[in-house]
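>>> Predicted coordinates and the sequence they were generated for:
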Amino acid sequence: MIKTASITEQTLISVENVHKSFPLPDGKGEFTVLRHINLKVNSGEVVALLGRSGSGKSTLLRIMAGLIPPTEGQVINNGERLRGANQDVAMVFQSFALLPWLTVQENVELGLEAQGVNRSKRKKRALKAIDLVGLDGFESAYPKELSGGMKQRVGFARAFVIEPEVLFMDEPFSALDVLTSENLRGEIDDLWNTGSFPSKSILIVTHNIEEAVFLADRVIILGANPGRVRGEVVIDIPRPHDRTNPRFNALVDYIYTVMTNPEVEVTGEVSEVSIETTAEPVTKLKSPYSQSLPHVRVGGISGLLELIVEQPEGKEDIPKLAERIQLEVDDLLPILDGAVVLGFAQITQGDVQLTDIGRDFATTTILRSKDLFRQQVLQNVPMLVSIVQTLKEKRNGSMRADFFLDLLGEHFPHAEAERQFATAVDWGRYAELFEYDAREERLYLPEPIRELTIGDW
């Protein structure tokens, strides 16, 4: 059965100018997770929230579910402002979250029991939901007897039995192996396409681009740091969404392209993709410590470039690359980001292509690769330039790590500041710009570098 998106004018949930921030430690201000979020979920559609780590996908989902309040703005549910838990939604989480001492049927009945539904009705509805997810015969089994895929089916049944207007799914397949997740994803899609799904709409949070295009009618793309709506892409192909359809591949390529170009406007005009990414000039940054470094080690960048350089013209389609090396978006994009920031690669129309210096870096000796890496860092990464200049100001060429962590803390939460610092240390060590004593938590310049200026390198 081919089913096209049946989007009606009935809005079930509306997010209006939602802003969410959390206080930073020691009263140093606040960290903004979401900024000016506006979106709608209409009856009869599947909506995917797609974004990289740091885009606040799960936070937004929990605000819409009424589990946490927004700092500003409001959520309108069925025409009324949401105050407290949203009774019209159910959620399937990434983790299975089953109670190990309860059977499959008892786990599924939990929500109904909390609603005060009597035992006979609970049993009838639970058995129907269990049958719907293909677990008929496992009603009396305990979670320890089930595989990961079966546990997640119980999670779906527990949500289905509530018969929510909107089903929220927070990366529901990410904890499963590739084959199991593909099978379960296909079954959920089949239920929706045949009209057997027990909800009017689905809102799924994911970082898997192909999953979003496969399941959704609309893909809302979020930017990161802070999370914001960059735009949306309408999946304008008939249901079920055929992965072999050229339009499917074009949509996937477009989304990969805009997600690897964080500052580019998301227009949804897939036929008009013509976007190129290069490293930003350092003069655009107000503070060298406000630049968010992608969390990737030099070995990851180097390994990726070695894979790409073997392709014709040193170029490869990003979705095919992700499939070839079996990496999820949240794992692949930081590596691509690192290559782009350093000027080793550029991204155009869903393809990654090595620059001339990127090809040189991928094919040269280890010693020369260090020289090239140092050269690119000094040209494109102002944070590392500032660290080296600061160390050179000290007579002993040394500085405690806390100094730099405090500077990073002006722009990032503590945990993220530590991750930024760890990335900077990894890159700086490889480039032989400085050394780090983890025991003393101090950075220091190697002796040969103390007498040099930045221009000498």
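Yes, it's here.

>>> list the buried ones in stretch 18-38?
In terms of neighbour count (16 or more other CB atoms under 10 Å), stretch 18-38 has its buried residues at 18-21, 24, 31-35, 37. In this view, the C-beta of every residue, glycine as well, is placed from N, C-alpha and C.

>>> as a whole number, average confidence for that stretch?
Averaged across stretch 18-38, the pLDDT comes to 83.

>>> And for stretch 339-346?
92.

>>> Straight-line length of that stretch, end to end?
End-to-end distance of stretch 339-346: 8 Å, with CA to CA, to the nearest Å as the criterion.

>>> how far is the helix or strand residue 126 falls within from where the chain is centred?
Element membership for residue 126, per DSSP states H and E: helix 119-132. Here helix 119-132 shows a centroid-to-chain-centroid distance of 35 Å under the convention CA atoms, centre = their mean, to the nearest Å.

>>> What about the residue most central in space within the chain? Give its phi and psi, please.
Nearest to the mean C-alpha position of the chain, counting by CA atoms, centre = their mean, stands residue 52 at 2.8 Å. Note on residue 52: backbone dihedrals following degrees, to the nearest 10 are phi -80, psi 170.

>>> Leaving out sequence neighbours, find the closest residue to it.
With sequence-adjacent residues excluded and distances taken as CB to CB, 6 or more residues apart in numbering, residue 52 is closest to residue 224, at 5.2 Å.

>>> Cross-check the contact I'm expecting between the one you found and residue 50.
No - the criterion here is CB atoms under 8 Å, and residue 224 misses it with residue 50 at 11.5 Å.

>>> okay, those two: which has more neighbours?
Higher neighbour count among residue 224 and residue 50: residue 50, with 26 against 18, using other CB atoms under 10 Å.

>>> list the contacts for the more buried one?
Residue 50 is in contact with 57, 206-207, 209, 212, 219-222, 255, 259, counting by CB atoms under 8 Å, 6 or more residues apart in numbering.

>>> Kindly report the same for residue 351.
Applying CB under 8 Å, 6+ apart to residue 351 gives the contacts 315-318.

>>> Outside of stretch 255-264 itself, list whatever touches it.
50, 52, 209, 212-213, 219, 221, 223-224, 230-231, 233, 266, 273, 275, 277, 318-319, 329, 333, 336-337, 340, 347-350, 352.

>>> just the buried members of these?
Using 16+ other CB under 10 Å, the buried members of these are 50, 52, 209, 212-213, 219, 221, 223-224, 230, 233, 266, 273, 275, 277, 318-319, 329, 333, 336-337, 340, 347-348, 350, 352.

>>> circling back: dump the residue contacts of the residue nearest to the centre of the chain.
207, 224, 259, 329-330, 333 are the contacts of residue 52 under CB under 8 Å, 6+ apart.

>>> Could you identify the most distant pair in the residues you listed?
Using CB to CB, the pair of those lying farthest apart is 224 and 329, separated by 12.3 Å.

>>> Dump the buried residues of stretch 18-38 into TSV; add distance to residue 130 and secondary structure as well.
Listed next are those as TSV, based on distance: CB to CB, whole Å; DSSP: H, G, I helix; E, B strand; the rest coil:
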residue	distance to residue 130	secondary structure
18	36	strand
19	41	strand
20	36	strand
21	42	strand
24	46	coil
31	42	strand
32	42	strand
33	37	strand
34	36	strand
35	42	strand
37	36	strand
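
>>> Among these, which one lies nearest to residue 298?
Using CB to CB, the buried residues of stretch 18-38 come closest to residue 298 at residue 31, 28.1 Å.

>>> Which strand residues bridge that closest one?
residue 22 (DSSP bridges).

>>> Locate residue 17 within the secondary structure: which element?
Going by DSSP H and E, residue 17 is in strand 11-23.

>>> For that strand, what is the distance to the chain centroid?
With CA atoms, centre = their mean, you get 19 Å for strand 11-23.

>>> Ok, stretch 158-177 next?
Here stretch 158-177 is found 18 Å from its chain centre; the criterion is CA atoms, centre = their mean.

>>> In it, which residues are buried?
Per 16+ other CB under 10 Å, stretch 158-177 contains these buried residues: 158-162, 164-176.

>>> which ones among the contacts of residue 52 are found in helices?
If you go by DSSP state H, these have 259, 329-330, 333 in helices.

>>> Show me which of these is closest to residue 103.
Nearest to residue 103 among the ones in helices among the contacts of residue 52 is residue 330, at 34.8 Å by CB to CB.

>>> Hmm, residue 53 and that closest one touching each other?
Yes - between residue 330 and residue 53 a contact is recorded at 5.3 Å, counting by CB under 8 Å.

>>> okay, and the common contacts of those two?
residue 207.

>>> so how far is residue 298 from residue 380?
From residue 380 across to residue 298, the span is 14 Å (CB to CB, to the nearest Å).

>>> Ok, residue 227 next?
29 Å.

>>> Looking at those two, which one has more neighbours?
Taking other CB under 10 Å, residue 227 and residue 298 do not tie; residue 227 has more neighbours (26 against 19).

>>> what's the neighbour count on the closest residue to that one other than its chain neighbours?
Ranked by CB to CB, 6+ apart and with sequence neighbours excluded, the top spatial neighbour of residue 227 is residue 56, at 2.9 Å. Counted with other CB under 10 Å, the neighbours of residue 56 add up to 26.
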